[in-house]
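**Student:** Sequence and predicted structure, then a few things I'm wondering about:
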Amino acid sequence: MTRPFFDDQSGSVAAHLRRQADEQRARYIRAQSNRGEKSVTSPRRVYELIRSGIRRGTMPHDEVLSEQHLIETLGATRNAVRKALQMLADDGVVLRARRAGTSIAHDIVAVRDGEVGPRAWAGMPDAGRLTVETLECRRITAPAVIQEFIGSDVESVILLEQIGRMNAKPLYLRVGYCITDFEVDEFIQRVESNHGEYPPIAVAHHRIFGTTYGGSSSVVEAISCQERAAELLEMQVGSPVLLRELITRDTAGRPSELSFTHFRADRVAIIGSTVTAGTTTLN
């Protein structure tokens, strides 16, 4: 008699397949554990470590990246390092040239979740490197979908579109729907009063809206860059960007702004952390 391909006791094909998958996973984990390799052989893992080092600033930006140095410091195989560097070159993060070696094309800018852009005020690593240009600022009737998103029946909002550049290179494109009674001219002055020093979000919020910053909530998605955004960000249409939806509120919980920001995925890392005593945060 032919044995059925599922367990009679379970009476379920799905349960049988799940057990098979669990057994295969367990065999794979045992095999990996028994290999006893001391070097990192996965290009993806080496890629992650190098990219993190570039973002943190621990990789030399003014020197050629030595394969041998990376092999030694990362504990990786030469093949894994070479493949990881090619992956970074495909991202546009590093430049590879025959005989010239590999060098960092640009750094990866850290934007902390909840803040509009990188930390560019005095004393911060990005101080003096950021410029923001206002592309459009006008009052519009608040669409019903915006009223729903922010949980308010406000009749009108100020639409504010800006482009941020780091070292003169496009970094992000941002559109905000701002809930305020200020006239457009005064609102623009309030916004641009921050463009000399780019202060922390709490300071900027008070200057722009005249209320105390109470916090924010956000969602980040990876999407394909559309035509107009690609033109402004100097990217190919369809290139990956990070789209962040951000709602900021005052201390009373009232919404101040709903914004959507397209960050260049090859130049920006969105950082969020939960800090407890005695721990360090990502940079």
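**Tutor:** Thanks, I have it.
**Student:** and after the worst-scoring helix or strand of the chain on mean pLDDT, which helix or strand comes next?
**Tutor:** Least confident element among the helices and strands of the chain, by mean pLDDT, DSSP states H and E: helix 13-35 (a mean of 66). Scanning forward in sequence from helix 13-35 by DSSP states H and E, the next helix or strand is helix 43-56.
**Student:** just for the chain, where's the confidence low?
**Tutor:** 1-14, 16, 26-38, 62, 125, 273-283 (pLDDT under 70).
**Student:** Show me the helices in it, by range?
**Tutor:** In the chain, the helices defined using DSSP state H lie at 13-35, 43-56, 67-74, 78-91, 144-150, 184-192, 201-209, 227-233.
**Student:** Buried residues of the fifth one, list them for me.
**Tutor:** When neighbours are counted by 16 or more other CB atoms under 10 Å, the buried residues of helix 144-150 are found to be 146, 147, 150. C-beta here means a position set from N, CA and C on the backbone, and glycine is covered the same way.
**Student:** Can you pull out the residues in contact with it?
**Tutor:** Here helix 144-150 makes contact (CB atoms under 8 Å, 6 or more residues apart in numbering) with 153, 154, 157, 177, 179, 247, 255, 258.
**Student:** Test of understanding: give the bridge partners of the last one.
**Tutor:** Partner residues in beta bridges with residue 258: residue 177, residue 247, with DSSP bridges as the criterion.
**Student:** For it, grab the count of nearby residues.
**Tutor:** 22 (other CB atoms under 10 Å).
**Student:** Show the contacting residues for it.
**Tutor:** Per CB under 8 Å, 6+ apart, neighbours of residue 258: 146, 149, 150, 176, 177, 245, 246, 247.
**Student:** got it, and residue 47?
**Tutor:** 83, 84, 87, 88.
**Student:** out of those residues, which is most surrounded?
**Tutor:** residue 84 (25 neighbours).
**Student:** measure that residue to residue 103 for me?
**Tutor:** Using CB to CB, to the nearest Å, residue 84 is found at 15 Å from residue 103.
**Student:** Do you have the strands of the stretch 151-283 of the chain handy? List them.
**Tutor:** 156-166, 169-178, 213-224, 240-250, 255-264, 268-271 (DSSP state E, counting those that start in this stretch).
**Student:** for stretch 99-107, which positions count as buried?
**Tutor:** Using 16+ other CB under 10 Å as the burial criterion, the residues of stretch 99-107 that qualify are 102, 104, 105, 106, 107.
**Student:** which ones among those residues are found in strands?
**Tutor:** 102, 104 (DSSP state E).
**Student:** can you list the buried residues of stretch 99-107 in JSON lines and add distance to residue 263?
**Tutor:** Compiled in JSON lines, these are given as follows (distance: CB to CB, whole Å):
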{"residue": "102", "distance to residue 263": "25"}
{"residue": "104", "distance to residue 263": "19"}
{"residue": "105", "distance to residue 263": "17"}
{"residue": "106", "distance to residue 263": "14"}
{"residue": "107", "distance to residue 263": "14"}
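**Student:** What about residue 188, how many residues nearby?
**Tutor:** Counted with other CB under 10 Å, residue 188 comes out at 16.
**Student:** Contact partners for it?
**Tutor:** 134, 137.
**Student:** run the last query once more with 6 Å
**Tutor:** residue 137 (CB atoms under 6 Å, 6 or more residues apart in numbering).
**Student:** related to what we said a few turns ago, show me just the buried residues among the contacts of helix 144-150.
**Tutor:** Buried among the contacts of helix 144-150 (16+ other CB under 10 Å): 157, 177, 179, 247, 255, 258.
**Student:** Name the nearest of those residues relative to residue 115.
**Tutor:** Of all the buried ones among the contacts of helix 144-150, residue 247 has the smallest distance to residue 115: 13.5 Å, by CB to CB.
**Student:** What is the burial count for the residue lying closest to residue 224 once chain neighbours are set aside?
**Tutor:** Residue nearest to residue 224 in three dimensions, not counting chain neighbours: residue 238, with 4.8 Å by CB to CB, 6 or more residues apart in numbering. By other CB under 10 Å, the residues close to residue 238 number 12.
**Student:** isn't residue 238 right next to residue 223, touching?
**Tutor:** No: in this structure, residue 238 is not within contact of residue 223 by CB atoms under 6 Å, at 10.0 Å.
**Student:** TSV please, covering the contacts of residue 47 and showing distance to residue 139.
**Tutor:** Listed next are those as TSV, based on distance: CB to CB, whole Å:
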residue	distance to residue 139
83	53
84	50
87	46
88	44
